[in-house]
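Enquirer: sequence plus predicted model, see below.
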Amino acid sequence: MNEQDTHPTGHRTGAYTGEGIWSYCPFREQARELSLAPALAAQLQRAEDFCRDRLPDLFEHTGLSAPGGTWQVFPDRQLFKLTTASGRSWYARYALLASWRAESHSWLWSWAFPPAWNTPAELLSVAHRMRLAGAREGWDLLTEPSLLANEDEAWRLGALAAQSAGMPLVYCAGVGGGMTHVYAIDTPSWMS
């Protein structure tokens, strides 16, 4: 099979090229590029615009982009805490959207996390709602558990989910072993 092969649905199959968003079935070791319905493509474009135009200012305002700060999550309370290098802190509710690996470009929606990861169900609520919306609309992008996406696409997917939940921040943070978690974070409340 080569990259030019197509399924009757029009989806291209073959090797992932590092561009676009692809569905990946690890059991069959098959990938196919996902086609985007116009409404979903428009939502992803708005998410991209947000990442480019608004997210840098929000990161600066909240201290997420400043060096020397620390962040913590409290999964049992759905709280994300940031302490800036100057000692100021804020808290906000958060949701865990996905896990992404830069090396393999693999994206796993949090609703598909293995049970052994013991992820509290409350943290998965935004991703579950995205999956339900995708099922209603017939959007594979939101219903396929495992995707292939480059870094830009990972940010777009995160922003899409955060915006759908009415949360103003999307944050990607390394959690070890080459894995990055993608978070949707609500409006911060400064504590100090």
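Expert: Received the coordinates, thanks. Numbering: from 1, shown residues only.
Enquirer: what residues of stretch 123-138 count as buried?
Expert: Counting neighbours by 16 or more other CB atoms under 10 Å, one finds that the buried residues in stretch 123-138 are 123-127, 129-131, 134. Quick note: C-beta positions are derived from backbone N, CA and C, even for glycine.
Enquirer: from the residues you listed, pick the one nearest residue 17.
Expert: Nearest to residue 17 among the buried residues of stretch 123-138 is residue 134, at 23.6 Å by CB to CB.
Enquirer: of all the buried residues of stretch 123-138, which comes closest to residue 54?
Expert: residue 126 (18.9 Å).
Enquirer: and that closest one, how far is that from residue 98?
Expert: 10 Å (CB to CB, to the nearest Å).
Enquirer: which neighbours do these two have in common?
Expert: Common contacts of residue 126 and residue 98 (CB atoms under 8 Å, 6 or more residues apart in numbering): residue 161.
Enquirer: just the CA trace of stretch 97-111, in PDB.
Expert: The C-alpha trace of stretch 97-111 is given here as PDB (Å, rounded to 0.1, in the frame of the first residue of the first chain):
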ATOM      1  CA  LEU A  97      -7.700  16.200  27.400                       C
ATOM      2  CA  ALA A  98      -5.000  13.800  26.100                       C
ATOM      3  CA  SER A  99      -1.600  12.400  26.200                       C
ATOM      4  CA  TRP A 100       0.800  13.200  23.300                       C
ATOM      5  CA  ARG A 101       4.300  11.900  22.500                       C
ATOM      6  CA  ALA A 102       6.400  14.200  20.300                       C
ATOM      7  CA  GLU A 103       8.700  11.400  19.200                       C
ATOM      8  CA  SER A 104       5.900   9.300  17.600                       C
ATOM      9  CA  HIS A 105       3.400  12.100  17.100                       C
ATOM     10  CA  SER A 106       0.900   9.900  18.900                       C
ATOM     11  CA  TRP A 107      -2.200  11.500  20.500                       C
ATOM     12  CA  LEU A 108      -4.400   9.500  22.800                       C
ATOM     13  CA  TRP A 109      -7.700  11.100  23.900                       C
ATOM     14  CA  SER A 110      -8.000  10.900  27.700                       C
ATOM     15  CA  TRP A 111     -11.300   9.000  27.500                       C
END
